[in-house]
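A.B. asks: Mind folding the following:
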Amino acid sequence: MLQAKIFERIVSLHHNQAEALQKVSDLLFINKSNAYRRLTNEIKLKPDQISTLVKHYNLSLDELIHNKENQYLFVHSNQSVASDKIEVFFKPIFDQLEQVAKIPDYFIYFTGYEIPILHYSAYPELVYFKIFLWNHIKMRTDNKVMSFNLTSFDDKYRILFKGIKDNFNKVRSVEVWDKRGIQIVVGYIKYAHNARLITFEETTLLISLLKKAIDDFEQKAMYGTKDLINKPKNFELYHSEVINDSHMYISNSKLIGQANFINLLFDSPNQIVSYDTQIVDKMRERFLLLKNQSQKISETGEVARRKLFGHYRKEIRLLERELKPF
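C.D. replies: As a prediction, the model looks like this:
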């Protein structure tokens, strides 16, 4: 039952049931006794109460309803993640990647205005920084304000991101990127530096990591692989001149029908996830049309590849020239 699943997830996000009940009672303006009666399903949640809880805890009703055996979900979250609960956002991604990496014919299509955050998993400081900026920009009163300090970055997150990287490297993908691929990261660094949210040393480190990431992405594109050690042919990359204002993941597997779905982030934080075969097929056709109109930059696409990654490096150089020690 949906109500039971909602409360099960809410309790898991707190230290204990008592803490969860106190928060629910505060959110719904009811006493703890009535909150408990809803937890035990004695009283049904009203639609507006479900909406309040879902929005506050950033719950995916689609995931709660459809999270069955052999049914996997790539999550492109709406960025309203509490800063002290990084694992709440990334642990499900690790779990899902770990499962889909075992499916022999599983692969994804992706197109969007930003390089997928999964590609940055080898550079956890960059991911950590992006979460910091997400949290800062959102300025949610119900979230703990995050302070940025790379020296105190917990090693458990490095282990988590390494697991994401290792599993993502096993998943085949066909992706379409555009020239804006690193604009958001560059803009974040510039904003954080100018607003004195990070030190100049941290700014320098982040830029250095971004340079390494771009070198890494270009190497992977050149060899057509996400794993530069074993080099399996599992990465096909294209460059599109067409402006795309959404992120679209399409999941494919002929072996497991339930693994076919689309996740469309069309106006953050708004997103649609659908398992409907007609919708998935139609969006797959749209993606393939876009791919066919794009330039291949992996493997044989050397000229286009150099042009795209040269553009990324130019953006980084421009950023370096603008930033001064303070």
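A.B. asks: The closest residue to residue 133 other than its chain neighbours and residue 131, how far apart?
C.D. replies: Once flanking residues are discounted, residue 133 sits nearest to residue 188: 4.6 Å by C-beta to C-beta, 6 or more residues apart in numbering. Quick note: C-beta positions are derived from backbone N, CA and C, even for glycine. Relative to residue 131, residue 188 is positioned 11 Å away (C-beta to C-beta, to the nearest Å).
A.B. asks: With residue 151 instead?
C.D. replies: 17 Å.
A.B. asks: Out of the helices and strands in this protein, which is least certain?
C.D. replies: Across the helices and strands of the chain, mean confidence by mean pLDDT, DSSP states H and E is lowest for helix 61-66: a mean of 61.
A.B. asks: any idea which helix or strand comes after that helix?
C.D. replies: Per DSSP states H and E, helix 61-66 leads on to helix 86-100 as the next helix or strand towards the C-terminus.
A.B. asks: pLDDT (mean, whole number) over that following helix?
C.D. replies: Averaging pLDDT along helix 86-100 gives 80.
A.B. asks: CA atoms only for it - export them in PDB, please.
C.D. replies: These are the backbone C-alpha positions of helix 86-100, laid out as PDB (Å, rounded to 0.1, in the frame of the first residue of the first chain):
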ATOM      1  CA  ILE A  86      24.500  12.700   0.300                       C
ATOM      2  CA  GLU A  87      24.100   9.000   0.500                       C
ATOM      3  CA  VAL A  88      20.300   9.400   0.400                       C
ATOM      4  CA  PHE A  89      20.700  10.700  -3.100                       C
ATOM      5  CA  PHE A  90      23.600   8.600  -4.400                       C
ATOM      6  CA  LYS A  91      23.200   5.200  -2.600                       C
ATOM      7  CA  PRO A  92      20.000   4.300  -4.700                       C
ATOM      8  CA  ILE A  93      22.000   5.200  -7.800                       C
ATOM      9  CA  PHE A  94      24.800   2.900  -6.700                       C
ATOM     10  CA  ASP A  95      22.200   0.100  -6.000                       C
ATOM     11  CA  GLN A  96      20.500   0.500  -9.300                       C
ATOM     12  CA  LEU A  97      23.700   0.600 -11.300                       C
ATOM     13  CA  GLU A  98      25.000  -2.500  -9.500                       C
ATOM     14  CA  GLN A  99      21.800  -4.400 -10.600                       C
ATOM     15  CA  VAL A 100      21.600  -3.200 -14.200                       C
END
